[in-house]
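Trainee: Task: produce atomic coordinates for the following.
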Amino acid sequence: MSDLKERAENVLAPALAYHTEIVVENARGLTIEATDGKKYIDFCSGLATTNLGHLPPTVVNAVENQLKRFIHSGCIFYYDTVVELAERLAERTPGDIGMFFFSNSGAEAVEGAIKLARFYTGRQGIIAFTGSFHGRTMGAATLTASSSKYRRGYHPLLPSVYHAPYPYCYRCPVGQKQGECENECLGQIENIFENLITPGEVACIIIEPILGEGGYAVPPSAYMQKLRELCTNHGIMLIADEVQTGMGRTGRWFAMEHYGVVPDIITIGKGIASGFPLSAVASSKAVMGNWTVGMHGTTFGGNPVSCAAAVAVVDTIEKDDLLKNVEKVSAYATNRLKAMMAKHRVIGDVRGKGFMIGIELIKGDRKPDALATTRMLKACEDRGLLIVECGKYKNVVRLMPPMTTTEEEMTRALDIFEDALGDLA
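Mentor: Numbers count the residues shown, from 1 in each chain. The predicted structure is shown next:
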């Protein structure tokens, strides 16, 4: 045990888990250097947050310039960076979504989104999905259904929340064969309407466009389109939780674009400021404009420094054509991983969009192999590649490289990954 870890255990709450025992000295781009001098390729990106890599020059420069002006405002006076950021986002959000409320974390954005949906519709019911992760605050934890540990000891939670099965096609929740179903799992929402709560009482349905902690599952486009239709028909607000998927990580500004679906509300976080604390609730003026002064609030949300970082992030993604880079390099990575799957029976599925890539490890008959995943993470770390797991059974390896990752850098990482597969033989 390192001295720092021992000190940390004496003063930091044990609720927060660390994925490795590495002590970082510095980080730049894709590379983390530990205090022992060892260097690692970082394919965790601070859990899909440092979208431009560590210490991106454009962000550092923008932050330094803002720090010379002022650090904090609260809502005492107007300042330019928060308005500039909202204007830039409004040019890139789908449909008529163009009004924003800034906060600090994904969970805060989710709380704001469900408050807005309940207020606007005058309804109370909320439908979320099994396997989902929306945060650990009381409301967000009620929506989260990826592990009971997020709820244990905190009841009663938010009332009038129901869960439907997520369309996780590799492990179909209604027993259909992948690629052969007619989105029968969508019928489970109709069952909720029939047996638990009428659609006229439901304020919103909140969904991750790609299941995050639940296993990087990608729903069929037809499912998302029919979900949009269902919400429209019943006057239910569709909330896309894009905290992890948004801001270009999947090769589009927002992952719902892959499905041709425009939600009513979007939550944004993680990569929006490439490491600085910032999040947002986004909706149309017709919806969010109904909030009046004091109905929602924040002290630190939309901090000038974080907003300056986020403006630089948006501008850098555009200037360096990073959406195209994500599409190109992720296609190469997916093809290579599928070639590995053909040679290694331990890989049951390769899936994802852009730089959200999931590799599901299995043993016979598609049984989840969490032990293989643990061994794989350790084998990669020993070789200098940092990755983490996800999924209900902790058997999905997830790759979350920065959007700046080149094909050459991806090749180096996948060489390590393929070599580490040998440890599982």
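Trainee: From the centroid of this structure, which residue is nearest?
Mentor: With distances taken as C-alpha atoms, centre = their mean, Gln244 lies nearest the centre of the chain, 1.6 Å away.
Trainee: what are the ranges of the strands in the stretch 151-300 of the chain?
Mentor: With DSSP state E, counting those that start in this stretch applied, the stretch 151-300 of the chain shows strands at 161-164, 202-207, 237-242, 265-268, 279-284, listed in chain order.
Trainee: Same list, those, but as CSV with mean neighbour count and mean pLDDT please.
Mentor: Using the backbone N, CA and C atoms, a C-beta is placed for each residue, glycine as well. Output for the strands of the stretch 151-300 of the chain, formatted as CSV (neighbours: other C-beta atoms under 10 Å; pLDDT from 0 to 100):
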stretch, mean neighbour count, mean pLDDT
strand 161-164, 19, 98
strand 202-207, 26, 99
strand 237-242, 28, 99
strand 265-268, 28, 99
strand 279-284, 26, 98
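Trainee: any chance of these in TSV, plus distance to Thr298?
Mentor: Below are these laid out as TSV (distance: least, C-beta to C-beta, whole Å):
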stretch	distance to Thr298
strand 161-164	24
strand 202-207	20
strand 237-242	19
strand 265-268	14
strand 279-284	10
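Trainee: Between these, which one is closest to Gly106.
Mentor: strand 279-284 (5.5 Å; C-beta to C-beta).
Trainee: which helix is the longest one in the chain?
Mentor: For the chain, the longest helix by residue count, based on DSSP state H, is helix 322-343.
Trainee: Count the residues that sit near His296.
Mentor: By the measure other C-beta atoms under 10 Å, the count of residues near His296 is 17.
Trainee: hmm, who's touching the longest helix of the chain?
Mentor: By C-beta atoms under 8 Å, 6 or more residues apart in numbering, the residues outside helix 322-343 that reach it are 52, 248-253, 316-317, 347-350, 352-355, 357, 359, 399, 403-407, 410, 414, 417-418, 421.
Trainee: Filter these down to just the ones in strands.
Mentor: Ile347, Gly348, Asp349, Val350, Gly352, Lys353, Ile357, Ile359, Leu399 (DSSP state E).
Trainee: Which residue, other than its chain neighbours, is closest to the second one?
Mentor: Yep, that's Gly348 we're talking about. Taking C-beta to C-beta, 6 or more residues apart in numbering, and ignoring the residues beside it in sequence, Gly348 has Ile362 as its nearest neighbour in space, at 3.6 Å.
Trainee: Quick one: end-to-end length of stretch 214-221, please.
Mentor: Its first and final residues considered, stretch 214-221 spans 19 Å by C-alpha to C-alpha, to the nearest Å.
Trainee: which residue packs closest to Asp264, ignoring adjacent ones?
Mentor: According to C-beta to C-beta, 6+ apart, the nearest residue to Asp264 is Met237 (4.3 Å).
Trainee: Tell me how far the one you found lies from Ala286.
Mentor: Taken as C-beta to C-beta, to the nearest Å, the spacing of Met237 relative to Ala286 amounts to 12 Å.
Trainee: tell me the domain ranges of the chain?
Mentor: In the domain annotation for the chain, the residue ranges read 59-320, 321-423 (the TED database).
Trainee: From the chain's centroid, how far away is the longest one?
Mentor: Mean C-alpha position of domain 59-320 versus that of the full chain (C-alpha atoms, centre = their mean, to the nearest Å) differs by 9 Å.
Trainee: now the shortest one
Mentor: Using C-alpha atoms, centre = their mean, the distance from the centre of domain 321-423 to the centre of the chain it belongs to is 17 Å.
Trainee: related to what we said a few turns ago, for Asp96, which of the strands of the stretch 151-300 of the chain is the nearest?
Mentor: For the strands of the stretch 151-300 of the chain, the distance to Asp96 is smallest for strand 279-284, at 4.5 Å, taking C-beta to C-beta.
Trainee: Need the residues that contact the lowest-mean-pLDDT helix or strand in the chain.
Mentor: Per-element confidence for the chain was summarised using mean pLDDT, DSSP states H and E. The lowest value among helices and strands belongs to helix 3-11, with a mean of 92. Residues outside helix 3-11 that contact it (C-beta under 8 Å, 6+ apart) are Glu21, Val23.
Trainee: Next secondary structure after that helix?
Mentor: Scanning the chain past helix 3-11 towards its C-terminal end, the next helix or strand to appear is strand 24-28 (assignment: DSSP states H and E).
Trainee: in the very next helix or strand once past that following strand, what counts as buried?
Mentor: Toward the C-terminus, strand 24-28 is succeeded by strand 31-34 as the next helix or strand (DSSP H and E). Across strand 31-34, burial judged by 16 or more other C-beta atoms under 10 Å covers Ile32, Ala34.
Trainee: rewinding a little: quick one: which of the strands of the stretch 151-300 of the chain is nearest Asp36?
Mentor: For the strands of the stretch 151-300 of the chain, proximity to Asp36 was assessed by C-beta to C-beta; strand 279-284 is nearest, at 34.4 Å.
Trainee: Would you mind measuring from the residue nearest to Asp264 to Arg228?
Mentor: Distance, Met237 to Arg228, by C-beta to C-beta: 11 Å.
Trainee: Now do the same for Cys185: its pLDDT.
Mentor: Predicted confidence (pLDDT) for Cys185: 87.
Trainee: Touching, it and Pro167? I think so.
Mentor: Yes - Cys185 is within contact range of Pro167, at 5.1 Å (criterion: C-beta atoms under 8 Å).
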